[in-house]
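K.L.:
Quick one, structure for this:
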Amino acid sequence: MIQTIEELERKLAEPSDELVRDLADLDGDIMLLGIGGKMGPSLARLAMNALRKAGVVKTVWGVSRFSDNGLREELEREGIRTIVCDLLKDEELAALPEVKNIIYMAGNKFGTTGREHFTWAMNAYLPGRVAGKFRDSRIVVFSSGNVYPFTPVGQGGAAESDSPLPLGEYGQSTLGRERIFEYFSHANGTPMVIYRLNYAIDLRYGVLLEIARAVQEEREIDLSMGHFNCIWQGDANEIALRSLKVCTSPPNVLNVTGPETVSVRRIAGEFGRRLGKEPCFRGEEAADALLNNASKANQMFGYPRVALMEMVDWIAGWVAGGGTTWNKATHYQERKGAY
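P.N.:
The predicted structure is shown next:
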């Protein structure tokens with residue numbers, strides 16, 4: 001079991017041998033744009049640990065507005081070079097150093113409703129400015145499974161070859177992000193990966209945590225979005241870094257998630273057994289859901305190292321032990337695209 005934040009951070013930042021080899025062969029430094037989000041700090045630590053294990057000296061840059069000064073100081077202590085930057089300000093973006101490898105994590109999702117203009121600026125305007133600045137770099141562009149329509153539960157999830165059909169303004173603006181980067185990849189020959197992530201999991205946030213807490217607190221669980229995909233954040237971060245080696249022009253599109261179509265009802269029952277509680281449900285499962293098929297990424301990089309039931313065990317123990325959680329709900333139940 002993982003019992004402390006320190007143990008969790010170490011687990012999230014454990015590089016595989018494959019990642020160590022890939023980063024050893026990668027030319028140039030690495031820059032994370034939008035490092036201040038949920039995944040950025042652990043992704044940067046993972047990169048640093050892989051580089052140290054490889055015996056390779058590269059700079060890992062972290063760019064953010066850094067509203068939390070404590071995070072910036074923490075990252076600097078761990079050897080990550082930080083830059084305070086509002087990417088929407090042209091002069092600050094232009095002043096960033098030229099770096100060969102870019103992980104683009106900036107964007108906006110929650111709070112879109114009522115502030116749609118900001119979401120479109122972040123998700124569809126800013127990508128063009130960034131693509132112009134880093135036209136000679138490789139860019140891994142964080143995106144979302146929200147660009148796909150709902151698919152029948154028995155179909156195995158949307159594949160990269162399926163046509164996008166986003167629901168709601170967040171999903172639409174996310175597809176806008178992809179299309180703008182795609183345009184500049186064609187125009188400038190910039191190699192890219194479009195990284196469509198569907199529900200990363202940490203012990204402090206994520207779909208599994210939300211279901212586990214509902215079971216523990218004996219709250220009703222909405223079954224209308226009755227199925228989902230998820231992946232351990234450490235595995236998702238590793239795939240993002242390894243994707244720097246498979247950037248192409250036009251962009252290489254990758255779905256990133258776990259291999260299972262997970263039943264909300266079934267996984268709530270698993271948490272119930274571990275927590276000694278009987279899950280309470282509301283409604284019935286719809287015949288379709290927001291689901292991704294990650295077969296292509298699994299073929300390229302292998303299956304995730306952390307299995308679904310391992311995540312369930314860890315999260316059940318974390319919840320039972322009163323572990324720290326973040327107030328960052330996924331809103332996985334949303335069926336109208338309103339975030």
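
K.L.:
Show me where the stretch 201-339 of the chain has its strands.
P.N.:
Assigned by DSSP state E, counting those that start in this stretch, the stretch 201-339 of the chain shows strands spanning 220-222, 227-228, 231-232, 252-256, 262-263, 280-282, 288-289.

K.L.:
Show residues contacting the fifth one.
P.N.:
With CB atoms under 8 Å, 6 or more residues apart in numbering as the contact definition, strand 262-263 has outside contacts at 226, 227, 228, 229, 230, 285, 308. Where C-beta positions appear, they are placed from N, C-alpha and C, glycine not excepted.

K.L.:
The fourth one against residue 198, yeah?
P.N.:
Yes: using CB atoms under 8 Å, residue 229 and residue 198 qualify as a contacting pair, with a distance of 4.7 Å.

K.L.:
Identify the contacts common to the two.
P.N.:
Between them, residue 229 and residue 198 share the contacting residues 145, 257, 291, 292, 294, judged by CB under 8 Å, 6+ apart.

K.L.:
how about residue 88, phi and psi?
P.N.:
The phi and psi values for residue 88, taken as degrees, to the nearest 10, are phi -80, psi -10.

K.L.:
Let me see the contact set for residue 34.
P.N.:
So residue 34 contacts 40, 63, 64, 87, 104, 105, 106, 107, 142 (CB under 8 Å, 6+ apart).

K.L.:
hang on, the second one in a helix?
P.N.:
Yep, that's residue 63 we're talking about. No: under DSSP: H, G, I helix; E, B strand; the rest coil, residue 63 sits outside any helix and is assigned strand.

K.L.:
residues in contact with it?
P.N.:
Applying CB under 8 Å, 6+ apart, the residues near residue 63 are 31, 32, 33, 34, 35, 82, 83, 85, 87, 96.

K.L.:
Check these against residue 47 and report the nearest one.
P.N.:
residue 32 (8.1 Å; CB to CB).

K.L.:
returning to what we had before: who wins for neighbours among the shared contacts of residue 229 and residue 198?
P.N.:
residue 292 (31 neighbours; other CB atoms under 10 Å).

K.L.:
if I look at it, how far off is residue 34?
P.N.:
21 Å (CB to CB, to the nearest Å).

K.L.:
And for residue 256?
P.N.:
17 Å.

K.L.:
And residue 169, by the same measure?
P.N.:
Taken as CB to CB, the span from residue 169 to residue 34 is 20 Å.
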